[in-house]
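give me a model of this one.
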Amino acid sequence: MSLTRRTLNAAALIALSALAPAAFAQAKWDLPAAYPATNFHSENLAQFAADVDKASGGKLKITVHPNASLFKAPEIKRAVQGGQAQIGEILLVNFSNEWPIFGADGLPFLADSYDSAMKLYQAQKPLLQKKLGEQGMALLYSVPWPPQGIYTKKPIASAADLKGIKWRAYSPATGRIAELVGAQPVTVQAAEFAQALATGVVESTMTSGATGVDSKLYEHLKYYYDTQAWLPKNAVIVNKAAFDALDKSTQDAVLKAGADAEARGWAASRKVNTDTLDKLKANGMQVQPPSAQLKADMKKVGDTMLKEWLDKSGAEGQALVDAFRK
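Numbers count the residues shown, from 1 in each chain. Prediction:
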């Protein structure tokens, strides 16, 4: 073989080896989340990441960062929008001050069961997709928390019993409920919740049985009133540019894994609701339905908040509520 021929062959091999990494390029995504690794939402995210890895043949690796270890809950949406994270999980109601429709599933007693929560989601979904699209993102899937109830140190028979109590608020809606019942709202994120209880910074809250177990609320609080007030949703959002950069088969893998995660998550939420209320009882917490008076008082709070929300959300909000109530 001539020297020229050998040189050409060597050059061709070098060129091919330079191209090889591109042909098998592996994308790596970070997925920040706000809740403990043992929470059912986080477990669902881990399964989603594994499904994407398998379906894409290893072309897309998603690393889940639970328990606010990469970004705190309020920072995740901006991180995904700005491309610091390619994908992330947010609690929609946390962003209701930015756009009222994000807070639709935090309106007390509007959707107060899994079936009605799904109906609300179907009405809300096209609006969410449009808004997130305008912000350079897409909604991949959404999963509700179990229904929300009231945790307290002392027994309560009506809203009047909540007056002056230090109430953990984690969203604009929970802060507003505190104001309407005369409680003192204190903003505490999930990761700092147990510490706030231990130090007496908070003494009551309105959240799910799942968070009650995650944060071991039974170590500090004695009563849980199962008001089934609302079922707020976590949403998994994707940076549009990052998604568009994937090849078609990998995009399909992400969409399919997202659809599977949504179905699995809704089923898991139902199971978690039953299991966690049992766990609260097993750990000595008094789990009770609300008294007729407490239920009536909280319904009034819900009516006030719905009216305020409709005033803010205008025609868009009214259309959503009308679609939900059809």
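
the closest residue to Gly212 other than its chain neighbours and Gly133, how far apart?
Among residues not flanking Gly212 along the chain, Leu280 sits closest, at 5.5 Å (Cβ to Cβ, 6 or more residues apart in numbering). C-beta: built from backbone N, CA, C; applies to glycine. The spacing between Leu280 and Gly133, counted by Cβ to Cβ, to the nearest Å, is 40 Å.

ok, these two, which is more surrounded?
Leu280 (24 against 12; other Cβ atoms under 10 Å).

picking up where we left off before, host element of the residue nearest to Gly212?
Here Leu280 sits within helix 248-282, counting by DSSP states H and E.

after that helix, which helix or strand is next?
Next along the chain from helix 248-282, counting by DSSP H and E, comes strand 286-288.

helices or strands next to whatever helix or strand comes next after that next one in the packing?
Next in sequence after strand 286-288, counting helices and strands by DSSP H and E, comes helix 292-325. For helix 292-325, the packing partners by 3 or more Cβ pairs under 8 Å, 6 or more residues apart in numbering; DSSP states H and E come out as helix 114-134, helix 172-181.

on the three-state scheme, the residue nearest to the spatial centre of the chain is what?
Centroid check for the chain by Cα atoms, centre = their mean gives Asn234 as the closest residue, at 1.9 Å. Following DSSP: H, G, I helix; E, B strand; the rest coil, the label given to Asn234 is strand.

residue contacts, it?
Counting by Cβ atoms under 8 Å, 6 or more residues apart in numbering, Asn234 touches His41, Glu89, Ile90, Leu91, Leu92, Ser142, Val143, Pro144, Trp145.

where's the third one relative to Ala253, distance?
Right, the one you point to is Ile90. For Ile90, the distance to Ala253 - Cβ to Cβ - is 22 Å.

the two - which one has more neighbours?
Shown here are Ile90 and Ala253; by other Cβ under 10 Å, Ile90 has more neighbours (25 against 21).

tell me the pLDDT of that one.
According to the prediction, Ile90 has pLDDT 98.

alpha carbons only: can I get whichever helix or strand it is part of in PDB?
Assigned by DSSP H and E, Ile90 belongs to strand 87-91. These are the backbone C-alpha positions of strand 87-91, laid out as PDB (Å, rounded to 0.1, in the frame of the first residue of the first chain):
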ATOM      1  CA  ILE A  87     -36.800  19.200  33.400                       C
ATOM      2  CA  GLY A  88     -38.300  19.700  36.900                       C
ATOM      3  CA  GLU A  89     -41.200  19.000  39.200                       C
ATOM      4  CA  ILE A  90     -43.200  22.000  40.600                       C
ATOM      5  CA  LEU A  91     -46.300  22.400  42.800                       C
END
